[in-house]
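Visitor: quick one: sequence and predicted model below, then my questions.
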Amino acid sequence: MQKYISIEGIAKKYPKSGGGETAIFENLWLSMQRGEFTCIIGHSGCGKTTVLNILAGLDNPSQGAVIVDNEAIYGPSIDRAVIFQSHALLPWRTVLGNVSYAVTSRWKHRSRADNEAHARKYIDLVGLEGAEHKRPAELSGGMKQRVGIARALSIEPKILLMDEPFSALDALTRGTLQDEVRRICLTTGQTVFMITHDVDEAIYLADRIVLMTNGPGAVLAEIVENPLPKDRARNDFHKHPLYYGVRNHIIDFLVQRSKNFADEIAASGFDPRNVPVVRPGAVEPAVVASEPPSRAGAA
Amino acid sequence: MTISSSFRAAVISIAIFVAFIAVWHLATRGSGQVANMDPEYAKLMGATATQGKSAMPGPLDVGATLWNHIKRPFYDNGPNDKGLGIQLAYSIGRVAIGYLLAVVVAIPIGFLIGMSPLMSRALDPFIQVLKPISPLAWMPLALYTIKDSSLSAIFVIFICSLWPMLINTAFGVSAVRKEWINVARTLEVGPIRRAFTIILPAAAPTIVTGMRISIGIAWLVIVAAEMLVGGTGIGYFVWNEWNNLSITNVINAILVIGVVGMLLDQILARFARLVTFPE
């Protein structure tokens, strides 16, 4: 299978105060295909954001390289759009101004009217028509993040990088935005790399979910292939027979295995270049009601 | 019905003003005829000794001369008798030239210092030493090298306006949020476009705050500088009227200096509102 993005043995190290170096992560390998939606999940401080920043070109790895479309990346590129957790809108520009800024950066020599029409198309796409001339300070958190999404999509990037884009939003807004991002990414065949803390969000959106252990010295422990059908819908994907299997697998990892993964490595051997791919099967939820309460503790 | 707080503030302001004028008027009312003396001797003694008139002018005297100045602001009866408007125009002109020169120098250098940590460290010792020097301390050196008193005053305004703008520009530029810079980087925005579309608008509120501090200092310094260099300007007017022992005119000048200073500050405040963005 052709690799579109290939992370090859990257490390990020910082000098320790008493001499020597601390590796946030090292020897990290991961590849992604064109059109694939990959989520990375792990505890805070494991270096997920650093991985994303390296992919964006905003940060440099201490070792290793990232290959995109057969070329090593050096620095940021307009082909790799970033949706920032803090939305990072320019507060002195309007909604249209923010999106147009990105559009004009992409098509420098196109007429102003064309670029503005293009920007408006993406503002409509995220459902912000009517708010074009508002400034970010006048928008709610969800609307700000919509502008961030419109800005990132408007430049028609080859890769979309998202750093916990929905974590600052309320549950209802988050759900709506997840639906819209999923719809847009499916129709355009967008290649996406996204950081999240939300297991359900990962299962709903991602084709593959990468599990990262705790830092320092974090590794990619497993790649979970999402067994749910591609045409899953928000209202019933949690009723799919395979849903609990995937969810339990990821939560078990986050609660227990992410801390003690070094023991697993010691016990079974681990090749960071070939991260194990798992596809959690149909595991029924553990049945607790059939056992009499008195025996439940002993079982 | 509640009376708006700005209306109540205005009422209190007017009450304070009226009370101040009343106290001033009463304090300078004079004590009436004090002594009978020979008319020749009385001429030498002046009104204070002969008629008990206060040596300090009262609000009515000041108001009357102020009205004369307002009626004829631009008369010119030779070097030592020019209208208040002409003197103010000289002062404002010097401040404007010195201040604009400082803007032209301080903002680009401030940008450089803010963008480059290396230049920031390299220039820091010079700024730290030059900043606390009283601008008037430069005056003899300026007079000696420039050999023109009016240009020396402009130089003094330049040097005193420079530091607040320079320091604020450097601070504003270096404190631009990393995420906005990252937006420009991921969009592959070139360095010049980045400077004008991201860094300048982001740092503008801080830069304009520095400009506002500078114009205030420049207006403080021009009075002292013109007292030293003489010839023209509101500072020279104050000193000249002191030599004439015209306290009424000195008070008039003090009032006018205050009003012009307030106007200059308000212009910059309006400019600051234009470039400030809510977050």
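Guide: Now that the structure is in, tell me what you want to look at.
Visitor: which parts of chain A are helices?
Guide: Assigned by DSSP state H, chain A shows helices spanning A:48-56, A:95-106, A:112-125, A:141-154, A:171-188, A:199-205, A:243-252, A:261-268, A:293-296.
Visitor: distance to chain B, mean pLDDT and mean neighbour count for those - can I get that in CSV?
Guide: For glycine as for every other residue, the C-beta is placed from the backbone atoms N, C-alpha and C. As requested, the helices of chain A are exported to CSV (distance: least, CB to the nearest CB, whole Å; pLDDT from 0 to 100; neighbours: other CB atoms under 10 Å in any protein chain shown):
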stretch, distance to chain B, mean pLDDT, mean neighbour count
helix A:48-56, 6, 92, 22
helix A:95-106, 4, 95, 23
helix A:112-125, 13, 93, 16
helix A:141-154, 8, 92, 24
helix A:171-188, 18, 88, 15
helix A:199-205, 21, 93, 21
helix A:243-252, 29, 89, 18
helix A:261-268, 31, 80, 12
helix A:293-296, 51, 46, 8
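Visitor: now distance to B:A19 too, for the ones you listed, in JSON lines please.
Guide: Output for the helices of chain A, formatted as JSON lines (distance: least, CB to CB, whole Å):
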{"stretch": "helix A:48-56", "distance to B:A19": "63"}
{"stretch": "helix A:95-106", "distance to B:A19": "52"}
{"stretch": "helix A:112-125", "distance to B:A19": "59"}
{"stretch": "helix A:141-154", "distance to B:A19": "52"}
{"stretch": "helix A:171-188", "distance to B:A19": "58"}
{"stretch": "helix A:199-205", "distance to B:A19": "68"}
{"stretch": "helix A:243-252", "distance to B:A19": "75"}
{"stretch": "helix A:261-268", "distance to B:A19": "79"}
{"stretch": "helix A:293-296", "distance to B:A19": "85"}
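Visitor: of those, which is nearest B:Y41?
Guide: Closest of the helices of chain A to B:Y41 is helix A:95-106, at 81.1 Å (criterion: CB to CB).
Visitor: show me what the helix or strand containing B:I217 is packed against.
Guide: Assigned by DSSP states H and E, B:I217 belongs to helix B:200-229. Applying 3 or more CB pairs under 8 Å, 6 or more residues apart in numbering or on different chains; DSSP states H and E, we find helix B:200-229 packed against helix B:84-115, helix B:139-146, helix B:149-174, helix B:234-243, helix B:247-275.
Visitor: make JSON lines out of those and add mean pLDDT, mean neighbour count and distance to A:H240.
Guide: As requested, the helices and strands packed on helix B:200-229 are exported to JSON lines (pLDDT from 0 to 100; neighbours: other CB atoms under 10 Å in any protein chain shown; distance: least, CB to CB, whole Å):
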{"stretch": "helix B:84-115", "mean pLDDT": "95", "mean neighbour count": "20", "distance to A:H240": "54"}
{"stretch": "helix B:139-146", "mean pLDDT": "94", "mean neighbour count": "15", "distance to A:H240": "83"}
{"stretch": "helix B:149-174", "mean pLDDT": "95", "mean neighbour count": "24", "distance to A:H240": "52"}
{"stretch": "helix B:234-243", "mean pLDDT": "93", "mean neighbour count": "20", "distance to A:H240": "83"}
{"stretch": "helix B:247-275", "mean pLDDT": "95", "mean neighbour count": "15", "distance to A:H240": "54"}
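Visitor: what's the closest of those to chain A?
Guide: Among the helices and strands packed on helix B:200-229, helix B:247-275 comes nearest to chain A, with 8.0 Å by CB to the nearest CB.
Visitor: and the closest one with helix B:234-243, angle?
Guide: For helix B:247-275 against helix B:234-243, the angle by axes from the mean of the first three to the mean of the last three CA atoms, to 10 degrees is 160 degrees.
Visitor: B:A19: how many residues sit nearby?
Guide: Using other CB atoms under 10 Å in any protein chain shown, B:A19 has 10 other residues around it.
Visitor: what residues does whichever strand or helix holds it touch?
Guide: Here B:A19 sits within helix B:5-27, counting by DSSP H and E. Here helix B:5-27 makes contact (CB atoms under 8 Å, 6 or more residues apart in numbering or on different chains) with B:54, B:56, B:58-60.
Visitor: which other helices and strands does the helix or strand encompassing B:A64 contact?
Guide: Per DSSP H and E: B:A64 is located in helix B:59-71. Of the remaining helices and strands, those touching helix B:59-71 by 3+ CB pairs under 8 Å, 6+ apart are helix B:5-27, helix B:247-275.
Visitor: tilt between that helix and helix B:5-27?
Guide: Here the directions of helix B:59-71 and helix B:5-27 differ by 110 degrees (the same axes, to 10 degrees).
Visitor: buried residues in helix B:59-71?
Guide: B:59, B:61-62, B:65-66, B:69 (16 or more other CB atoms under 10 Å in any protein chain shown).
Visitor: looking at these, which is nearest B:I97?
Guide: Once CB to CB is applied, the member of these that ends up nearest B:I97 is B:H69, at 24.9 Å.
Visitor: now that closest one, nearest residue through space, not along the chain?
Guide: B:L84 (4.4 Å; CB to CB, 6 or more residues apart in numbering or on different chains).
Visitor: is it true that the one you found touches B:K71?
Guide: No. With contact defined as CB atoms under 8 Å, B:L84 does not count as touching B:K71 (10.6 Å).
Visitor: show me the beta-bridge partners of the nearest residue to A:C185 once chain neighbours are set aside.
Guide: Spatial nearest neighbour of A:C185, excluding adjacent residues (CB to CB, 6+ apart): A:V192 at 5.7 Å. With DSSP bridges as the criterion, A:V192 is bridged to A:F37, A:L160.
Visitor: quick check, central residue of the chain?
Guide: Here I'm looking at chain A. A:M194 (0.9 Å; CA atoms, centre = their mean).
Visitor: please refer instead to chain B.
Guide: B:W219 (1.9 Å).
Visitor: mind listing what that one touches?
Guide: Applying CB under 8 Å, 6+ apart to B:W219 gives the contacts B:95, B:257, B:260-261, B:264.
Visitor: against chain A, how distant is it?
Guide: Using CB to the nearest CB, to the nearest Å, B:W219 is found at 29 Å from chain A.
Visitor: what about that residue, distance to A:N70?
Guide: 64 Å (CB to CB, to the nearest Å).
Visitor: before we move on, what about B:A22?
Guide: As for B:A22, its distance to A:N70 is 88 Å (criterion: CB to CB).
Visitor: before we move on, back to that, let me know the angle separating the helix holding B:I217 from helix B:247-275.
Guide: Helix B:200-229 runs at 170 degrees relative to helix B:247-275, counting by the same axes, to 10 degrees.
Visitor: quick one: mean pLDDT over helix B:200-229.
Guide: What helix B:200-229 shows for mean pLDDT is 95.
Visitor: and for stretch A:17-37?
Guide: Across stretch A:17-37, the average pLDDT comes to 88.
Visitor: go through that stretch and flag the buried ones.
Guide: Using 16+ other CB under 10 Å as the test for burial, stretch A:17-37 gives A:23-26, A:28-32, A:36-37.
Visitor: next one: stretch B:200-220
Guide: Neighbour-count burial for stretch B:200-220, counted by 16+ other CB under 10 Å, picks out B:200-219.
Visitor: chain A contacts on the stretch 151-279 of chain B?
Guide: Residues of the stretch 151-279 of chain B lying near chain A by CB under 8 Å from any CB of the partner chain: B:179-180, B:182-183, B:185-189, B:197-198, B:201-202, B:277-279.
Visitor: buried subset of those, written for ChimeraX?
Guide: The following ChimeraX line selects those of those that are buried, judged by 16+ other CB under 10 Å:
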select /B:180,182,183,185,186,187,188,189,197,198,201,202
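Visitor: identify the farthest-apart pair in the residues of the stretch 151-279 of chain B next to chain A.
Guide: Farthest-apart pair in those is B:E188 and B:P278; separation 28.6 Å (CB to CB).
Visitor: residues touching the closest residue to B:V275 other than its chain neighbours, list them.
Guide: With sequence-adjacent residues excluded and distances taken as CB to CB, 6+ apart, B:V275 is closest to B:A204, at 3.9 Å. Going by CB under 8 Å, 6+ apart, B:A204 touches B:172, B:275-276.
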